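Visitor: One predicted model, sequence on top.
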Amino acid sequence: MPPVLPPFLIGLIAAPLARRVVKPLMRGLVKTSVGLVLEVKRAAHEASEGLQDLAAEVTAEVVAAQMTGGGEPESPAQPQTAAQAQGQAPQVTQERPVTDAQHKGPGKGRTPAVATGKAH
């Protein structure tokens, strides 16, 4: 019959060994994680600076173009409708905006009195 060791004695023997193995592993894991976070922050900072530089260059170009081109900003070409291509005036349809006075019906899960704000 093999000798039986109580779990308490196994814990007393294994704890110092685990401490010697786990502590350097955890230290390396934390050190690697911190280094990775710092690299990501540095890369994000460089990318942000690059975008800011690009935005400043574009702004300078637009301002220079406005000053030399008569002061009006360039606008992208708008697509023409069939009526505009044929030289006809486009038809204008005017939509009325929805106001609070118009009844929209009850909302989802609400009674008409709650939706219109009136109490019966």
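Guide: Arrived safely.
Visitor: I'd like the distance between residue 4 and residue 18.
Guide: Distance of residue 4 to residue 18, given as C-beta to C-beta, to the nearest Å: 22 Å. For every residue, glycine as well, the C-beta is placed using N, CA and C.
Visitor: and if you look at residue 58?
Guide: Separation of residue 58 from residue 18 (C-beta to C-beta): 59 Å.
Visitor: Check the average confidence over stretch 29-38, would you?
Guide: Average pLDDT, stretch 29-38: 96.
Visitor: what's it in contact with?
Guide: Taking contacts as C-beta atoms under 8 Å, 6 or more residues apart in numbering, no residue outside stretch 29-38 touches it.
Visitor: quick one: low-confidence ranges for the chain?
Guide: By pLDDT under 70, the weakly predicted segments of the chain are 1-3, 70-120.
Visitor: Quick one: the strands in it, in order.
Guide: In chain order, the chain shows no strands, with DSSP state E as the criterion.
Visitor: And the helices in this structure?
Guide: For the chain, the helices defined by DSSP state H cover 7-68, 82-85, 112-116.
Visitor: Out of those helices, indicate the one that is most buried.
Guide: For the helices of the chain, the largest average neighbour count (mean count of other C-beta atoms under 10 Å) is found in helix 112-116, namely a mean of 13.
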